[in-house]
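Trainee: Need coordinates for the below:
(one chain, ligands or ions: 2)
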Amino acid sequence: MDFLKLNGLACELSPISIGGIDVYKGFLSISDQKLLVEELRKVAVAAPVFSPKTKAGRPMSVRLTAAGNFGWYSDHAGYRYVERHPSGCAWPEIPNLILSIWQALVPDSPKPECCLLNFYGEGARMGLHQDRDEARFEWPVVSISLGDEGLFRVGGLERGGKTASIWLQSGDVAVMGGAARLNYHGIDRIKFGSSTLLKDGGRLNVTLRVVT
Ligand code: MD3
Ligand code: FE
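Mentor: Ligands and ions are numbered 1, 2, ... in the order given. Have a look, this model is predicted:
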């Protein structure tokens, strides 16, 4: 919690609720965001980003990597959590600054076992999906947005239902828990170049999850 106090909590007193998801706009100050990017760069050096293949065999436009006991992987055999990077190495540890955000927002949940890093370059998107590769759905997922703005869309428990959208900006943090945990969601597009946080532009999303 030192880090959050040190840099001052720039968060709104109460989150916005959208599709059952709590969005804390401007949760992280610019200095917090810069510290996080430095830590996440180290993760991406130890575990380089890769493009998983969909079940249909097409590479995803989002590149990803992870920290923690588990990362996420996908190929013809399907979507799953794995204990090793495709290179065969263990995933690096989850940076303490990231853990302090989880601790601040969902103190009653067990420690996250996966810190998934999604990187969106120009034109990258993520189709509507549910997150259901975890063993249980009782724990929340926490998401941290960094860099360029992304148009987040959230629906309900069924594909094809009503959806709501919100631009997630650098420093926004979202908590997906309770009934919203299995809601369909995705990123329709990003505003490439809308933020100067990342040297080469793009959007970095971090999600923290309990996997087992
Ligand atoms: C709502 N990532 O990694 S984060 C994903 O911005 C993913 O990269 C998006 O969807 C991104 O699976 C959205 C917000 C998010 C994450 C998990 C959720 C929203 C969620 C789980 C349930 C409901
Ligand atoms: Fe998801």
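Trainee: For ligand 1, tell me whether the longest helix seen in the chain is touching it.
Mentor: As assigned by DSSP state H, the longest helix anywhere in the chain is helix 30-46. No - Helix 30-46 is not in contact with ligand 1 by CB under 6 Å from any ligand atom; minimum separation 13.4 Å. C-beta here means a position set from N, CA and C on the backbone, and glycine is covered the same way.
Trainee: same for that helix, what does it pack against?
Mentor: In terms of contacts (3 or more CB pairs under 8 Å, 6 or more residues apart in numbering; DSSP states H and E), helix 30-46 is packed against helix 2-7, strand 63-68, helix 96-105, strand 114-120, strand 141-147, strand 203-209.
Trainee: pLDDT on that helix, on average?
Mentor: Mean pLDDT, helix 30-46: 96.
Trainee: May I have it exported as CSV, CA atoms only?
Mentor: Provided in CSV are the C-alpha atoms of helix 30-46 (Å, rounded to 0.1, in the frame of the first residue of the first chain):
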residue,chain,number,x,y,z
ILE,A,30,0.5,9.6,-13.9
SER,A,31,3.5,8.9,-11.7
ASP,A,32,1.9,5.6,-10.6
GLN,A,33,1.3,4.7,-14.2
LYS,A,34,4.9,5.3,-15.1
LEU,A,35,6.2,3.1,-12.3
LEU,A,36,3.8,0.4,-13.4
VAL,A,37,5.0,0.5,-17.0
GLU,A,38,8.6,0.2,-15.8
GLU,A,39,7.8,-2.9,-13.9
LEU,A,40,5.7,-4.4,-16.7
ARG,A,41,8.5,-3.8,-19.2
LYS,A,42,10.7,-6.0,-17.0
VAL,A,43,8.1,-8.7,-17.1
ALA,A,44,8.0,-8.5,-20.9
VAL,A,45,11.8,-8.7,-21.2
ALA,A,46,11.8,-11.9,-19.1
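Trainee: quick revisit: would you turn the helices and strands packed on helix 30-46 into TSV with mean neighbour count, distance to I16 and mean pLDDT?
Mentor: Output for the helices and strands packed on helix 30-46, formatted as TSV (neighbours: other CB atoms under 10 Å; distance: least, CB to CB, whole Å; pLDDT from 0 to 100):
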stretch	mean neighbour count	distance to I16	mean pLDDT
helix 2-7	14	20	60
strand 63-68	24	26	98
helix 96-105	18	14	94
strand 114-120	24	22	98
strand 141-147	25	14	98
strand 203-209	24	18	98
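Trainee: and the ones you listed as TSV, adding distance to Q33?
Mentor: Listed next are these as TSV, based on distance: least, CB to CB, whole Å:
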stretch	distance to Q33
helix 2-7	9
strand 63-68	17
helix 96-105	10
strand 114-120	14
strand 141-147	6
strand 203-209	10
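Trainee: What separation is there between the nearest residue to N205 once chain neighbours are set aside and ligand 1?
Mentor: Once flanking residues are discounted, N205 sits nearest to N118: 4.4 Å by CB to CB, 6 or more residues apart in numbering. Per CB to the nearest ligand atom, to the nearest Å, N118 is found 4 Å from ligand 1.
Trainee: N118 pairs with what?
Mentor: Applying DSSP bridges to N118 gives these bridge partners: L64, N205.
Trainee: Next: H185.
Mentor: Taking DSSP bridges as the rule, H185 bridges to H129, V154.
Trainee: If anything else comes up later, I'll come back, but that's it for now.
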